[in-house]
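**Q** sharing a model prediction with you, sequence too.
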Amino acid sequence: MTGTPTIVTNELTKEYLETTAVDGLSLEIEPGTVYGFLGPNGAGKTTTIKMLTALIRPTSGSGRVAEVPITDRERLVEHIGYLPESPPIHEELTAREQLEYHGGLRGLGSTEIDERIEPLLERLDLAADADDRIVTYSKGMRQKTGLIQAIMHEPEVVFLDEPTSGLDPRAARTVREVITELADSGTTVFLSTHILPVVERIATEVGILYEGELVEEGAPEALVERMETGDDSTLEDVFLDVTTTAE
Ligand SMILES: Nc1ncnc2c1ncn2[C@@H]1O[C@H](COP(=O)(O)OP(=O)(O)OP(=O)(O)O)[C@@H](O)[C@H]1O
């Protein structure tokens with residue numbers, strides 16, 4: 001698929017006092033891509049996502065998400081959904097109240113909110129608990145609430161940080177299916193995870209970050225093919241290779 005890329009960055013860089021967390025990152029991601037964003041601990045993935053969602057400002061370089069400059073948080077929020085590692089939810093609310101509140105912030109009316117959240121609550125097996133307070137929820141239930149919150153306003157781009165962490169196998173499968181369906185309908189999904197089989201299954205493109213730099217990028221099968229270790233190479237082999245030998 002070609003068109004205006006939904007995510008474009010040019011030499012995006014974030015420096016902290018003693019660390020260059022992200023170092024000259026240039027990305028071009030087309031609509032409808034599931035982009036598996038990989039990298040070892042501390043590689044700069046969260047810092048990248050925070051810049052792409054306008055939570056922090058780059059030190060240098062630029063980027064546009066859904067054609068909005070990533071420094072324009074006010075405009076950007078309408079176009080994006082974000083599931084961070086710890087979803088931003090109010091513990092004292094019920095999931096339904098939290099989702100209604102979030103939908104209101106995104107300009108949705110109450111009928112629209114109900115129409116969007118009910119099928120997702122059902123699908124993620126959360127309907128029976130939706131009127132319980134989040135403080136009583138397990139990690140997986142919070143994760144599912146956070147996911148619904150990230151996608152319910154039907155944003156053009158969804159950023160997901162470890163969306164299947166804490167989920168049982170059935171829920172994890174449902175989340176993978178939801179991600180694939182989002183992409184099929186044209187949503188761009190930026191997926192950061194350490195669970196490589198998830199990426200292998202659903203990502204259409206993969207970028208591997210190492211010490212703040214993009215050291216490998218391509219379709220998962222193309223990356224694996226490029227490995228010359230034999231027929232049974234996996235994305236894990238590619239990951240281990242490029243994150244140990246790169247300088
Ligand atoms: N607020 C901050 N101040 C100083 N250094 C920071 C800050 N946030 C991140 N860093 C540093 O930037 C680098 C990249 O961190 P980041 O959290 O983006 O990595 P990550 O790839 O998301 O790691 P993980 O897989 O462990 O979540 C690390 O060296 C980290 O210590």
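**A** All right, it came through fine. Numbering: from 1, shown residues only.
**Q** what residues does the protein put near the ligand?
**A** By CB under 6 Å from any ligand atom, the residues of the chain that approach the ligand are 16, 19, 21, 39, 41-47. Where C-beta positions appear, they are placed from N, C-alpha and C, glycine not excepted.
**Q** following the lengthiest helix in the chain, which helix or strand comes up?
**A** Ranked by number of residues, the top helix in the chain under DSSP state H is helix 169-184. Using DSSP states H and E, the helix or strand that follows helix 169-184 in sequence is strand 188-192.
**Q** neighbouring strands of that next one in the sheet, and parallel or not?
**A** Strand 188-192 sits in its sheet next to strand 34-38 (parallel), strand 157-161 (parallel), going by DSSP bridges.
**Q** so which of those gets nearest residue 208?
**A** Residue 208 lies closest, by CB to CB, to one member of these: strand 34-38, at 4.8 Å.
**Q** show me the contacts for residue 5.
**A** Listed by CB atoms under 8 Å, 6 or more residues apart in numbering, the contact partners of residue 5 are 28-31.
**Q** give me the subset of the residues you listed that lies in helices.
**A** Per DSSP H, these never map to helices.
**Q** would you mind checking these for buried ones?
**A** Among those, those buried by neighbour count (16 or more other CB atoms under 10 Å) are 29-31.
**Q** which of those residues fall in strands?
**A** Under the assignment DSSP state E, the buried ones among the contacts of residue 5 contribute residue 29 to strands.
**Q** export the buried ones among the contacts of residue 5 to a markdown table and tack on pLDDT?
**A** Converted to a markdown table, these look like this (pLDDT from 0 to 100):
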| residue | pLDDT |
| --- | --- |
| 29 | 97 |
| 30 | 96 |
| 31 | 96 |
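**Q** now, which of the buried ones among the contacts of residue 5 sits nearest the ligand?
**A** Checking the buried ones among the contacts of residue 5 against the ligand by CB to the nearest ligand atom gives residue 29 as the nearest, at 17.8 Å.
**Q** show me the shaky parts of this structure.
**A** Along the chain, the parts satisfying pLDDT under 70 run over 1-3, 227-231, 245-247.
**Q** any idea which residue is closest to the centre of it?
**A** Against the mean C-alpha coordinate of the chain, by CA atoms, centre = their mean, the closest residue is residue 160 at 2.2 Å.
**Q** among the residues of the chain next to the ligand, who's most crowded?
**A** residue 44 (26 neighbours; other CB atoms under 10 Å).
**Q** close enough to count as contact, that one and residue 22?
**A** Yes: here residue 44 reaches residue 22: they are 4.3 Å apart, a contact under CB atoms under 8 Å.
**Q** now, the most widely separated pair of the residues of the chain next to the ligand?
**A** Going by CB to CB, the pair spanning the residues of the chain next to the ligand furthest: 16 and 39, at 16.7 Å.
**Q** ranges for the strands of this structure?
**A** 7-15, 20-29, 34-38, 60-65, 68-69, 80-83, 157-161, 188-192, 205-210, 213-218.
**Q** tell me which of those strands approaches residue 115 most closely.
**A** For residue 115, the closest of these is strand 80-83, at 17.1 Å, according to CB to CB.
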